[in-house]
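In: build me a model:
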Amino acid sequence: SEAVRMLEERASAQGRTLPPAALRQAVIPRGAVPVRNPAGMAPGVVVRAGGALVICLPGVPSEARALLPPCLAAAGIPRGEEGGFYVRTWGMREMELYRILAPLHDTFGRTPAYLPSPGRVDLYFTGENAAEFRRRAVNELGSRVYALDRDTTLEEVLAGELRARGLTAAVAESCTGGLIAAGFTGIPGASTWFSGGVTAYSDGAKTRLLGVPRELILSRGAVSREVAEAMARGACDVIGAQCAVAVTGIAGPGGGSPEKPVGTVWIAAVCGSVAASSLWKFAGSRESVRLAAASYAVGTLLDLVREGA
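Out: This is a model prediction of the structure:
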């Protein structure tokens with residue numbers, strides 16, 4: 001059957017033989033349509049019965065997320081954003097965006113949907129004159145807009161800008177612990193523009209691996225503009241890239257002080273002889289701080305690369 005063939009092809013692509021027990025995943029209702037699983041073995045199932053449409057997905061969350069769009073397509077259900085328009089932004093909190101766009105809310109008599117995640121906020125425009133509403137919003141938000149469709153990521157936009165200029169990038173991470181590098185390497189073909197990264201968590205590692213002077217850490221503190229910039233330049237030197245971004249901060253829940261509370265993060269980007277650094281104060285859980293810092297780091301490097309064009 002088609003479902004069995006999907007399982008066999010998946011096993012072959014992984015260089016192994018399909019175990020007999022796995023064939024249970026190919027047992028589907030008569031008349032059902034199997035849908036290839038891009039993230040695992042078990043196919044999705046689309047079946048119409050009793051005047052209803054049933055879509056069956058595996059229980060593994062990552063597989064369910066990957067299978068839902070092709071299952072909807074197999075069922076003939078249009079994508080949810082049809083009739084609406086997306087704007088993807090970074091580096092601005094939801095309330096800040098709301099304040100900037102408030103005059104447009106009055107002009108058009110409604111608000112877009114605000115869809116926040118750590119470090120990024122998506123806007124979704126629907127209704128009459130939605131396209132014009134989005135165009136006006138994009139003009140107001142400027143460089144904080146990185147994409148106009150739901151599926152393009154901030155990392156993919158940076159990758160395109162680096163490739164267009166023949167540049168390579170490196171990362172130096174402390175509190176983000178490799179999140180930035182993971183986002184970069186999740187893009188197929190990343191080796192053409194991403195040279196590598198260093199996770200230097202301790203002060204000693206920052207000195208040994210990135211060449212950050214110990215005296216600089218002692219005098220300015222590990223969470224400082226000077227150390228962040230030294231980390232970024234060190235990443236360029238030791239990895240051999242033209243551009244780099246570095247992050248150093250206090251993700252919490254402990255480790256903060258009155259001068260540098262939890263959520264304090266310095267981000268520095270360098271591209272050739274040009275550098276840009278910024279101080280951010282993030283709120284929320286340790287995970288939220290780390291994710292927001294990673295997003296802001298990618299956006300900071302994107303801005304610098306574009307400015308240097």
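
In: phi first, then psi, for residue 169.
Out: Phi and psi for residue 169, reported as degrees, to the nearest 10, are phi -130, psi 150.

In: okay, now the residue lying closest to it once chain neighbours are set aside: neighbour count?
Out: Nearest residue to residue 169, sequence neighbours excluded (C-beta to C-beta, 6 or more residues apart in numbering): residue 243, at 4.6 Å. (Each C-beta comes from the backbone N, C-alpha and C, glycine too.) Per other C-beta atoms under 10 Å, the neighbour tally for residue 243 reads 26.

In: close enough to count as contact, residue 243 and residue 166?
Out: No - counting by C-beta atoms under 8 Å, residue 243 does not reach residue 166; the two are 11.2 Å apart.

In: residues touching stretch 267-284, excluding its own?
Out: The set of residues that contact stretch 267-284 without belonging to it, under C-beta atoms under 8 Å, 6 or more residues apart in numbering, is 118, 167, 225, 228-229, 231-233, 236, 242-247, 249, 261, 263-266, 288-289, 292-293, 296-297, 300-301, 303-305, 307-308.

In: pull out the buried members of those.
Out: 118, 167, 225, 228-229, 231-233, 236, 242-247, 249, 263-266, 288-289, 292-293, 296-297, 300-301, 303-305, 308 (16 or more other C-beta atoms under 10 Å).

In: quick one: which of the residues you listed sit in helices?
Out: In helices, defined here by DSSP state H, the members of the buried ones among the contacts of stretch 267-284 are 225, 228-229, 231-233, 236, 288-289, 292-293, 296-297, 300-301, 303-305.

In: and the residue in the chain sticking out farthest from the centre, what pLDDT?
Out: Of all residues in the chain, residue 50 has its C-alpha farthest from the mean position, at 41.3 Å, by C-alpha atoms, centre = their mean. What the model reports for residue 50 is a pLDDT of 84.

In: tally up the residues packed near residue 90, please.
Out: Neighbouring residues of residue 90 were enumerated by other C-beta under 10 Å; the total is 22.

In: show me the residues around the residue nearest to it when sequence neighbours are not counted that make contact.
Out: Residue nearest to residue 90 in three dimensions, not counting chain neighbours: residue 299, with 4.1 Å by C-beta to C-beta, 6+ apart. Applying C-beta under 8 Å, 6+ apart, one finds that residue 299 lies in contact with 90, 91, 119, 144, 146, 154.

In: next, format the residues you listed as a markdown table and append pLDDT.
Out: Below are these laid out as a markdown table (pLDDT from 0 to 100):
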| residue | pLDDT |
| --- | --- |
| 90 | 97 |
| 91 | 95 |
| 119 | 94 |
| 144 | 96 |
| 146 | 97 |
| 154 | 97 |
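
In: residue 238: how many residues sit nearby?
Out: 16.

In: before we move on, what about residue 41?
Out: Residues contacting residue 41 under the criterion other C-beta under 10 Å number 17.

In: dig out what the residue lying closest to residue 307 once chain neighbours are set aside forms beta bridges with.
Out: Using C-beta to C-beta, 6+ apart and skipping residues adjacent in sequence, the residue nearest residue 307 is residue 274, 7.6 Å away. As for beta bridges, residue 274 partners with residue 271 under DSSP bridges.

In: and residue 274, how far from residue 280?
Out: Separation of residue 274 from residue 280 (C-beta to C-beta, to the nearest Å) stands at 20 Å.

In: look at these two and report which has more neighbours.
Out: Using other C-beta under 10 Å, the more surrounded residue of residue 274 and residue 280 is residue 280, with 19 against 12.

In: and the more buried one, which of the three is it?
Out: Classification of residue 280 by DSSP: H, G, I helix; E, B strand; the rest coil places it in strand.

In: residue 13 versus residue 161, what's the distance?
Out: Taking C-beta to C-beta as the criterion, residue 161 is separated from residue 13 by 32 Å.

In: and residue 170, by the same measure?
Out: Computed with C-beta to C-beta, the distance linking residue 170 and residue 13 is 32 Å.
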